[in-house]
Structures are given as C-alpha cells and as structure tokens.
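Participant: just the structure for this:
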Amino acid sequence: MLSLVVLISGGGSNLRALLEASEDAEFPARVVAIGADRDADGLALAEEFRIPSFTVPFTSFESREEWGDAMLEQIQQWQPDLVILSGLMRLLPVRVVDALSPQLINTHPAYLPEFPGAHGVRDALAAGVAETGASLIVVDNGIDAGPLISQQRVPIEPADTEATLHERIKIVERSLLVQAVLDIANGHINLKELPTA
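Facilitator: Predicted structure coming up:
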C-alpha cells in the first residue's frame, strides 16, 4: 500500500479525486496526511475523510528556506512513499526538493514543455493556440522542468475564459493523477527511471 502526503494551497479538487479513489478497498494507495502552506479551503477534506492534516504558514517564517525546513519536518513525520503537490502555489526550496525527489510529483495545467510557470492557463489563452493540456511531472529544481510522468491534450474552445478552461484541465489533471498513483503503486511506473526532460 502506497502512503501519500498531499500538499495544497487552495480547494484541493485533485486531492478530493485521490481521496475518493482511495475509498475503494482495491485502490493500492492511501492519503496519510494533508498539508498546507496557509488556511486552505481544501483542509476541510481532511475532516470530511478523517485524515490528519498540518499547516505550515509561509508568513510565519523569515525565509522560504526556514518555511521549507519546517514543511519537510512535518512531511517526514509521516514517512510517505510519495508526496503530491496538489495546487501548492509555492516553490519548495532546493533542499526540500532534494530530500523528496523523485518521490515528489506535481500536476501542471499545460502540455509541458509548453507554458511552464504559475500562469499556464492564462499564457495558453494569450498565445491564441488551439489546444493546451495537463501534465504530471516529477518535481526537480527547475520550473516545471522535471521528468514527465504523463500528459494529455485539452482543446481550447472559442468562448473559453481562464476559469472555464482551467476547470476542463482540472478534470484531466485528476484523471492523470489518480492513474499515475495507481501505476506507481503497481510498479508500472518507476519514478527513478523516467527520462529527464
């Protein structure tokens, strides 16, 4: 059974998909703790699904490195097999990434290497492209540049806004994430053997 710690900053829609998948006794992974860098709405899922949670508020620390050390300490208490960034809107410091990767994965709302960074959906719309996508990657110390686990295209509709497009991408992200966790747990994906970008 694969143990997961999931880190969030917002509502945790990808997290909910994982929690619902893991309610199936046959699903070979369980979320053991949910962490956040702020008082995130998604922490309500911890209560709903009776899962421990922790908050390491970024604003309580003098530096990103100090915050990262405190976050890493919380994560390591759970000894997870896999750490998932599920809408964590903060870059992890180098030493945190080095301590956790390649067992550290992240979803991104674009078809990488297209549109990396914090505004992938907005950037795709601004570029006027016909399609974008969703990607799941191993986190490294680049900006959305780690080894690719899986990805899928998402068409852009003429009437799309940033919000409507992002909602459609999130549906694909959830599917990619749940399938990847399943494949990692079953040994079909080895995160240490993925080709680097």
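Participant: how does the chain divide up, domain by domain?
Facilitator: Per automatic domain parsing, the structural domains of the chain span 1-100, 105-197.
Participant: can you put those in CSV and add mean pLDDT and mean neighbour count?
Facilitator: C-betas here are computed from N, CA, C, even on glycine. Output for the domains of the chain, formatted as CSV (pLDDT from 0 to 100; neighbours: other CB atoms under 10 Å):
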stretch, mean pLDDT, mean neighbour count
domain 1-100, 96, 18
domain 105-197, 95, 17
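Participant: against residue 71, how distant is residue 115?
Facilitator: Distance, residue 115 to residue 71, using CB to CB, to the nearest Å: 27 Å.
Participant: need the residues that contact the helix or strand harbouring residue 44.
Facilitator: Following DSSP states H and E, one finds residue 44 within helix 44-48. With contacts defined as CB atoms under 8 Å, 6 or more residues apart in numbering, helix 44-48 is touched by 12, 15, 16, 19, 34, 51, 52, 53.
Participant: one more time with 10 Å, if that's ok
Facilitator: Outside helix 44-48, the residues that touch it by CB atoms under 10 Å, 6 or more residues apart in numbering are 6, 8, 11-13, 15-16, 18-20, 31, 33-36, 51-54.
Participant: can you give me the helices for the chain?
Facilitator: Secondary structure of the chain by DSSP state H: the helices cover 13-22, 44-48, 64-77, 94-100, 120-127, 162-185.
Participant: and residue 139, which of these is closest to it?
Facilitator: Evaluated over the helices of the chain, closeness to residue 139 peaks at helix 94-100, with 5.9 Å, by CB to CB.
Participant: what is that closest one packed up against?
Facilitator: Applying 3 or more CB pairs under 10 Å, 6 or more residues apart in numbering; DSSP states H and E, one finds that helix 94-100 contacts helix 64-77, strand 82-85, strand 104-108.
Participant: repeat that with 8 Å
Facilitator: helix 64-77 (3 or more CB pairs under 8 Å, 6 or more residues apart in numbering; DSSP states H and E).
Participant: the helix it packs on: how far from the chain's middle?
Facilitator: Between the centre of helix 64-77 and the centre of its chain there are 17 Å (CA atoms, centre = their mean, to the nearest Å).
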